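In: what shape does this take:
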Amino acid sequence: MLTIIAITTPIFIMIFLGYFAVRSQLVPSETIAGMSKIVMYFTLPALIFSTLARMEFDDVIVPVYLATYAIGSVLTLLIGLFISLKLMNKSLTESTLKGLGMSNSNSAFFAYPVMLLAFSDPPTASFAMSLIIENILILPLAFVILEVSSSSEQGLNPVKMAYTVLKRLIKNPLILAVTGGVLASTFHLALPAVIDRVLVMLSGASATLALIVLGGSLVGTSLKGNTKDICFVTIGKLILHPVMIAVVALFMPEMDRNLLLGGILIAAVPMMSIYPIIGNQYGFRSLCASILLITTLASFVTLAIILSLMGLT
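Out: Numbers count the residues shown, from 1 in each chain. Coordinates of the predicted model:
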């Protein structure tokens, strides 16, 4: 528990600084939307691109792990979407955001530090492959559904809807970053030193700025009225996602135990810190911010339990 607290305390400090800055009117609340765009269009794409571009895929790819993490994550997304859409009678857009929150982990800024401390020999390959699945499969899949939902709400015909979805996806900075990173890695492209330095600087600002934006987004946010939604996604992320990875692994060929435990641990951490920023693009910033806050708080308990069950504490 002390290990988990030591890792997550800086995260909460950044969130508190953002909250304090807006609450005290040191930073006007209307600037949060602009800061969100900086994260979406500059710092996070730089982090994704530089991370994928530096990977040697031939050294880290384990097909059985990729299949296990991909299937488990997609099932989690679809289960969350289905329950929210059919049983909770929510819109397709809101349901997709909930499914995304359940199935996409904060691998870079939460899972990886926990993994380094939890394992004597950290399975870094599981982190790399999970990052690939999250950015090449889960995020694009969620964005496709979100864009289809957004286009249908505008009353577009199927042909125009497909065109609009494709155009938005092509322009999506996260999708562009993933595509560029994969191509750079595949063809072993060496970036000019100046460009590489710029990417490093932007990447370093990604987590901090995203968490500050999150804190600022929480000002004026009330948990009243959406407690059921928040608990639903929190349980889905911290419990359903790792359970689905473990269940899918039972039906797959045997893999290295540490690799599998690494995948379960990655699935058991809260969703990515830009979750509210993505939600903001579709009108659900406050809900997503509340979900992320409660999920991160609850992870203190759930991670300690999971680490104990895996024999890592």
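In: quick one: the helices in the stretch 201-313 of the chain?
Out: Along the stretch 201-313 of the chain, the stretches classed as helices by DSSP state H, counting those that start in this stretch are 227-235, 241-250, 257-267, 275-280, 285-309.
In: need the ones you listed in CSV with mean pLDDT, distance to residue 208 and mean neighbour count, can you?
Out: To be clear about C-beta, it is placed using only N, CA and C from the backbone, and glycine gets the same treatment. Below are the helices of the stretch 201-313 of the chain laid out as CSV (pLDDT from 0 to 100; distance: least, CB to CB, whole Å; neighbours: other CB atoms under 10 Å):
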stretch, mean pLDDT, distance to residue 208, mean neighbour count
helix 227-235, 93, 24, 18
helix 241-250, 97, 25, 20
helix 257-267, 93, 21, 23
helix 275-280, 88, 14, 26
helix 285-309, 87, 16, 20
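In: count the residues that sit near the nearest residue to residue 45 once chain neighbours are set aside.
Out: Nearest residue to residue 45, sequence neighbours excluded (CB to CB, 6 or more residues apart in numbering): residue 177, at 3.6 Å. Residue 177 has 22 neighbours, counted by other CB atoms under 10 Å.
In: now do the contacts for residue 177.
Out: Residue 177 sits next to 44, 45, 46, 48, 49, 52, 135 when contact means CB atoms under 8 Å, 6 or more residues apart in numbering.
In: how far off centre is the helix or strand containing it?
Out: Assigned by DSSP states H and E, residue 177 falls within helix 173-186. Remark: helix 173-186 is offset 17 Å from the chain centroid, using CA atoms, centre = their mean, to the nearest Å.
In: buried sites along it?
Out: Residues of helix 173-186 classed as buried by neighbour count (16 or more other CB atoms under 10 Å): 173, 174, 175, 176, 177, 178, 179, 180, 181, 182, 184, 185.
In: contacts only, for the second one.
Out: So the one you mean is residue 174. Going by CB under 8 Å, 6+ apart, residue 174 touches 40, 44, 45, 48, 135, 139, 143.
In: center of this structure - which residue?
Out: The chain has residue 272 as the residue nearest its centroid, 3.1 Å off, counting by CA atoms, centre = their mean.
In: the nearest residue to that one once chain neighbours are set aside: neighbour count?
Out: Once flanking residues are discounted, residue 272 sits nearest to residue 106: 4.7 Å by CB to CB, 6+ apart. For residue 106, the neighbour count with other CB under 10 Å is 25.
In: just for the stretch 51-200 of the chain, where's the confidence low?
Out: Applying pLDDT under 70 to the stretch 51-200 of the chain flags residues 57-60, 152-162, 164-165.
In: show me where it has helices.
Out: 57-60, 63-82, 92-103, 112-118, 124-133, 139-153, 158-171, 173-186, 193-217.
In: what comes up buried for the fourth one?
Out: For helix 112-118, the neighbour count (16+ other CB under 10 Å) marks 112, 113, 114, 115, 118 as buried.
In: do the same with the second one
Out: Counting neighbours by 16+ other CB under 10 Å, one finds that the buried residues in helix 63-82 are 65-77, 79-81.
In: can you tell me which of those is nearest residue 125?
Out: Distance to residue 125 across the buried residues of helix 63-82 (CB to CB) is lowest for residue 65, with 7.6 Å.
In: how close does the closest one sit to residue 308?
Out: 23 Å (CB to CB, to the nearest Å).
In: and if you look at residue 41?
Out: According to CB to CB, residue 41 stands 41 Å off from residue 308.
In: so residue 246 sits against residue 265, correct?
Out: No: Residue 246 is not in contact with residue 265 according to CB atoms under 8 Å; the separation is 11.0 Å.
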